[in-house]
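*Asks:* test case, fold it:
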Amino acid sequence: MGHRLRWLFFLVLPIMLGASLVTAQDDPARVLQVVDSAPLMGEELGLDDPITLFFDRDLDCATVETAFSITPQVDGDLTCDATRLTFTPSNGFDSATTYIVTLDESLRGADGAQLLEPYTLTLATSGFLQVTQVLPDAGTQDVATDAVITVIFNRPVVPLGSVEDMANLPDPLTIIPEVPGVGEWLNTAIYTFTPDPAWAGGTMYEVVIEAGLEAVDGATLPSTYGWSFSTEMPRVIGVIPEDASGAVPLDQTIQMTFNQPMDQASVEEAFELVVNEGTTIVGEFEWAEDGMGFRFTPDDLLTLNTTYQLNFRESPRALAGGILPGERNIRVSTFVTVPPPAII
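*Replies:* Got it, this is the predicted structure:
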């Protein structure tokens, strides 16, 4: 009889314990729950952002310190305020790192309620600030002297703002050799630089973005980013009359176009229109507004059936720097005027 009672006791005890556990799980008044978090699971964690957990009831703050842990370990302050638990890093989180916040069952509510199982929150910090594209590309040659530098970052570097705020935004570029110009943020992650008046022709430029440039979310550029490009040499891209032209009218004006703005005084001093005997023709210059071309009008009509040459006595300079290839007596075009009237 006594043996049967003991067996009955051991059979009933687990049933009673199980019933007690089911009752605790089914009774929300006895269960402590995390109802929200900031950031939410899956959201990006800012490098200096606090992590806050919200509960369905007031906490027993004396149990917080032992129940809370974060991996990898980070120094910080843990504060408990009624239904809210906040962890604030002392020196920020590391970039591009996943952190796991854990609360174990030792955490209690002020009314004695407890977690039924450990709670975990997985968060990833923002990655590093990176340069995703630059224009002109690294190593590009013969870049136009009016080309605009464009730098695209992988995340916002400056906040949204008005045009009036532009002067207070960072200028991330260092250009070697230095060149005057205007920098502008087209949006929060795209920066442009426009030279004023232009890049020097036939010159290599190095562009540097120093390490430590900080994005809006606190991410930084981990290492200095740099690239270089070369501008095109000054050159003549069009001339009228063209080389080897014949039957050129006697009232013909000379037109010349360059690939970049030129130093007008330098061009006019070096230019010459000469006849086959070597006599230089006198005339007047009229320049295009952009400084990339001119019209030369001789003071007198040209001579019948005569060969003329367009030359530069020495290499003229571009407005921003650089010279036309060649040193002296640079021939541009040779043409012949119309012959005397004749029955053909």
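*Asks:* can you list the weak-confidence ranges in the stretch 101-250 of the chain?
*Replies:* For the stretch 101-250 of the chain, applying pLDDT under 70 flags the ranges 162-164.
*Asks:* residues contacting residue 299?
*Replies:* 281-284 (Cβ atoms under 8 Å, 6 or more residues apart in numbering). All C-beta atoms are positioned from the backbone trio N, CA, C, and that covers glycine.
*Asks:* now for those, which pair is the farthest apart?
*Replies:* The distance between the two most remote of these (Cβ to Cβ) is 11.3 Å, for 281 and 284.
*Asks:* more crowded one of those two?
*Replies:* More crowded of residue 281 and residue 284, by other Cβ atoms under 10 Å: residue 281, with 16 against 11.
*Asks:* identify the residue spatially nearest to that one, adjacent ones excluded.
*Replies:* The shortest distance from residue 281 to any non-neighbouring residue, by Cβ to Cβ, 6 or more residues apart in numbering, is to residue 273 (4.3 Å).
*Asks:* I figured the one you found was touching residue 296, is that so?
*Replies:* Yes: using Cβ atoms under 8 Å, residue 273 is in contact with residue 296, at 6.7 Å.
*Asks:* for the chain, which strand is longest?
*Replies:* The longest strand of the chain (DSSP state E) is strand 328-337.
*Asks:* that one pairs with which strands?
*Replies:* Strand 328-337 sits in its sheet next to strand 245-248 (parallel), strand 307-314 (antiparallel), going by DSSP bridges.
*Asks:* now that strand: buried residues?
*Replies:* Across strand 328-337, burial judged by 16 or more other Cβ atoms under 10 Å covers 330, 332-337.
*Asks:* pLDDT added to those residues, as JSON lines?
*Replies:* Formatted as JSON lines, the buried residues of strand 328-337 follow (pLDDT from 0 to 100):
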{"residue": "330", "pLDDT": "91"}
{"residue": "332", "pLDDT": "94"}
{"residue": "333", "pLDDT": "95"}
{"residue": "334", "pLDDT": "95"}
{"residue": "335", "pLDDT": "97"}
{"residue": "336", "pLDDT": "97"}
{"residue": "337", "pLDDT": "97"}
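*Asks:* just those now: which is nearest residue 80?
*Replies:* residue 330 (82.6 Å).
*Asks:* let me know the pLDDT of the nearest residue to residue 90 once chain neighbours are set aside.
*Replies:* Leaving aside its chain neighbours, residue 90 sits nearest to residue 75 (4.5 Å; criterion: Cβ to Cβ, 6+ apart). The predicted structure scores residue 75 at 94 on the pLDDT scale.
*Asks:* how many residues are close by residue 75?
*Replies:* Residues contacting residue 75 under the criterion other Cβ under 10 Å number 7.
*Asks:* how about residue 259: what's its closest non-neighbour residue?
*Replies:* Once flanking residues are discounted, residue 259 sits nearest to residue 237: 5.0 Å by Cβ to Cβ, 6+ apart.
*Asks:* report the buried residues of the helix or strand that neighbour falls within.
*Replies:* Per DSSP states H and E: residue 237 is located in strand 236-240. Across strand 236-240, burial judged by 16+ other Cβ under 10 Å covers 236, 239-240.
*Asks:* report all helices and strands that that strand contacts.
*Replies:* strand 254-258, strand 328-337 (3 or more Cβ pairs under 8 Å, 6 or more residues apart in numbering; DSSP states H and E).
*Asks:* would you reformat the ones you listed as JSON lines and include distance to residue 198?
*Replies:* Shown next, in JSON lines, are the helices and strands packed on strand 236-240 (distance: least, Cβ to Cβ, whole Å):
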{"stretch": "strand 254-258", "distance to residue 198": "11"}
{"stretch": "strand 328-337", "distance to residue 198": "22"}
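*Asks:* picking that back up, and for residue 273 and residue 296, which residues touch both?
*Replies:* Between them, residue 273 and residue 296 share the contacting residues 254, 283, judged by Cβ under 8 Å, 6+ apart.
*Asks:* check contacts around residue 57.
*Replies:* Contacts of residue 57 by Cβ under 8 Å, 6+ apart are 32, 83, 109-111, 113.
*Asks:* in its sheet, what does the host helix or strand of residue 120 sit against?
*Replies:* Per DSSP H and E, residue 120 falls inside strand 119-125. Strand 119-125 pairs in its sheet with strand 44-45 (parallel), strand 98-103 (antiparallel), by DSSP bridges.
*Asks:* avg pLDDT for the following helix or strand past the shortest one?
*Replies:* Remark: after strand 44-45, the chain's next helix or strand is strand 51-55, criterion DSSP H and E. Mean pLDDT, taken over the full extent of strand 51-55, equals 96.
*Asks:* ok, and what's touching strand 51-55?
*Replies:* Outside strand 51-55, the residues that touch it by Cβ under 8 Å, 6+ apart are 32-39, 45, 70, 83-87, 99, 101, 103, 109, 119, 121, 123.
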